[in-house]
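Chemist: from the sequence below, what's the structure:
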Amino acid sequence: MAKVKVGIVQMSCTASKEENLQKAIMKTREAAAEGAQIVCLQELFTSLYFCDEENYDNFSLAETIPGPSTDALSAVAKELGVVIIASLFEKRTKGLYHNTTAVLDADGTYLGKYRKMHIPDDPAYYEKFYFTPGDLGYKVFKTKFATIGVLICWDQWYPEAARITSLMGAEILFYPTAIGWATSQDEATNTEQYNAWQTIQRGHAVANGLHVVSVNRVGFEQDGAMKFWGGSFISNPFGSLLYKASHDNEEVHVEELDLNKTDNYRTHWPFLRDRRIDSYQPITQRFIDGE
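Modeler: Residues are numbered from 1 along each chain as shown. Presented below is the predicted three-dimensional model:
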């Protein structure tokens, strides 16, 4: 379809998986009531962001996909007639875990999953302790309302991921996210970090000529040491902001996207046409040493 209404859910979380799931369902209902056809939830929305520490007890938060959360959300998707993008901690088998997003179509059908490819390891973001890098490759999902690409948080810093997903036919790129500020940081550092995060994703919209939807969590976690900065946003295919959420509040927002804009921008700014694919082989190297 030429136009699609996208809902984003920016929310805070607690230590209770069930409370978080029910809150996400409630807010999905709010978005659907406002006309949303595709609803994107934030990264790892059923729990606190547990990767602030390396703690074996946190593996108990994981579940199979499909599994309990996708079953519950599938019923909601079918009831409301909406597509749901759900980021979950996946237990693939004993001792093997992924950071994974499931996509549920508007009739409740489970369309498949994307496993996060780029796994960070930074202070308060010890994801390599928990997550095996994705092995399904980049993915697009043909939903009732649009063909969508889904990437996850740290993936958003990599233009290669956005490019490949776009080349696979994505009409919209969704980024479920969990990123925040250490409360010990000064405001100038906070501003610089947020601007870099938003700018690079808006750059993916420009380079690929498609809408980008980034959905972050909000609120204080890690005993107040981390403030997840919210700031969820929607960009048009030329990087202009259609919507930006606050840094402090839970928000549900619905935005109508005109997918015909992609053809218009790609025609007038033909970056895909002028790609020199014959010259890009060096990109597969870690670093180019010497001549």
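Chemist: which residues touch residue 265?
Modeler: Shown in contact with residue 265 (C-beta atoms under 8 Å, 6 or more residues apart in numbering): 209, 237, 238. No exception for glycine: its C-beta is placed from N, CA and C like everyone else's.
Chemist: name the member of those with the most neighbours.
Modeler: Top of the contacts of residue 265 by neighbour number is residue 237, holding 25 neighbours under the definition other C-beta atoms under 10 Å.
Chemist: and the next element down the chain from the one helix or strand residue 196 maps to?
Modeler: Assigned by DSSP states H and E, residue 196 belongs to helix 187-208. Remark: after helix 187-208, the chain's next helix or strand is strand 211-216, criterion DSSP H and E.
Chemist: does anything pack onto that next one? Which helices or strands?
Modeler: Applying 3 or more C-beta pairs under 8 Å, 6 or more residues apart in numbering; DSSP states H and E, one finds that strand 211-216 makes contact with strand 3-10, strand 38-41, strand 172-177, helix 187-208, strand 233-235.
Chemist: ok, now with 6 Å
Modeler: Counting contacts by 3 or more C-beta pairs under 6 Å, 6 or more residues apart in numbering; DSSP states H and E, strand 211-216 packs against strand 172-177, helix 187-208, strand 233-235.
Chemist: okay, now the sheet partners of that strand, with direction.
Modeler: Paired strands of strand 211-216, with direction, are strand 172-177 (parallel), strand 233-235 (antiparallel) (DSSP bridges).
Chemist: residues of the helix holding residue 196 that come out buried?
Modeler: By neighbour count with 16 or more other C-beta atoms under 10 Å, helix 187-208 contains the buried residues 190, 193, 194, 197, 198, 201, 202, 204, 205, 206, 207, 208.
Chemist: what does stretch 24-36 give?
Modeler: Going by neighbour count (16+ other C-beta under 10 Å), the buried part of stretch 24-36 is 24, 25, 27, 28, 29, 30, 31, 32, 36.
Chemist: which strand or helix spans residue 90?
Modeler: strand 83-93.
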